[in-house]
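Enquirer: With the input below, show me the fold.
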Amino acid sequence: MNKLLLAAGILACSSSVFASVIDKTVSVDQEALLLTTADFTPITTVWAGRTVVTGYQALVDVQGAQSALFFDASGEVSARWFASNFSLVTKMSCNGVPVGMSKAYGKRVDGQSTPAQPIITELRKGVEGCTQLKIELSKEGSLSRQFYTRIQDISFTVAVKGFNSPQGAL
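Expert: Purely as a prediction, here's the structure:
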């Protein structure tokens, strides 16, 4: 009986883990994909004996890649009101090849927080093998600054457009 209960518990836990993993896919020449805070995983390091979140990353599958792709991404990243003066570096790569970068700032003015608004618009040739985008949002500055900057909300859209043109036409 104990073995049966243990097996049922393991199956229940494993199914809940698989249920929480959602594959995100953007198709070339289709509508933009919206990513939220839940789609990003924390990037951490150890500082002063504590684990510090220094950024976030998301992986997005790409379907229908062509020889030249136009990457269009934008978003809003907000921090808690007491730590909303921050710098954010956003990097996008496709299968490890960099395709875009942005630097944006979140600010607190007169007690109101303004989110950082990263924007990446890049045209890249020779990316027909692009099958997965990696989006990295990194808090910039010293580890203590990164520690005190608490990201509260992420909203990020990604669209990919294709260009199948003869060589030299772009």
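
Enquirer: And Leu33, how far from Ala68?
Expert: Remark: distance between Leu33 and Ala68 (CB to CB, to the nearest Å) = 20 Å. Every residue, glycine included, has its C-beta placed from N, CA and C.

Enquirer: what about stretch 61-69, start to end distance?
Expert: 14 Å (CA to CA, to the nearest Å).

Enquirer: any low-confidence regions in the chain?
Expert: Confidence mapping of the chain against pLDDT under 70 gives the ranges 1-22, 81-83, 142-144, 165-170.

Enquirer: residue ranges of the strands in this protein, please?
Expert: When assigned using DSSP state E, the strands of the chain occupy the ranges 25-27, 33-36, 41-47, 50-63, 68-79, 86-94, 97-109, 112-114, 119-125, 132-139, 151-163.

Enquirer: May I see the ones you listed organised as TSV, with distance to Arg145 added?
Expert: Output for the strands of the chain, formatted as TSV (distance: least, CB to CB, whole Å):
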stretch	distance to Arg145
strand 25-27	32
strand 33-36	25
strand 41-47	11
strand 50-63	10
strand 68-79	11
strand 86-94	8
strand 97-109	12
strand 112-114	16
strand 119-125	23
strand 132-139	7
strand 151-163	13
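
Enquirer: Could you provide those in CSV, with additional columns for mean neighbour count?
Expert: As requested, those are arranged in CSV below (neighbours: other CB atoms under 10 Å):
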stretch, mean neighbour count
strand 25-27, 16
strand 33-36, 16
strand 41-47, 12
strand 50-63, 17
strand 68-79, 21
strand 86-94, 20
strand 97-109, 16
strand 112-114, 14
strand 119-125, 15
strand 132-139, 20
strand 151-163, 18
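
Enquirer: who's in contact with Leu59?
Expert: Residues counted as contacts of Leu59 (CB atoms under 8 Å, 6 or more residues apart in numbering) are 24, 132-135.

Enquirer: how close does it get to Thr41?
Expert: From Leu59 across to Thr41, the span is 9 Å (CB to CB).

Enquirer: Show me what the closest residue to Leu88 other than its chain neighbours is bridged to.
Expert: On the basis of CB to CB, 6 or more residues apart in numbering, the spatially nearest residue to Leu88 that is not a chain neighbour turns out to be Ala116, at 4.2 Å. Bridge pairing for Ala116 (DSSP bridges) gives the partners Val77.
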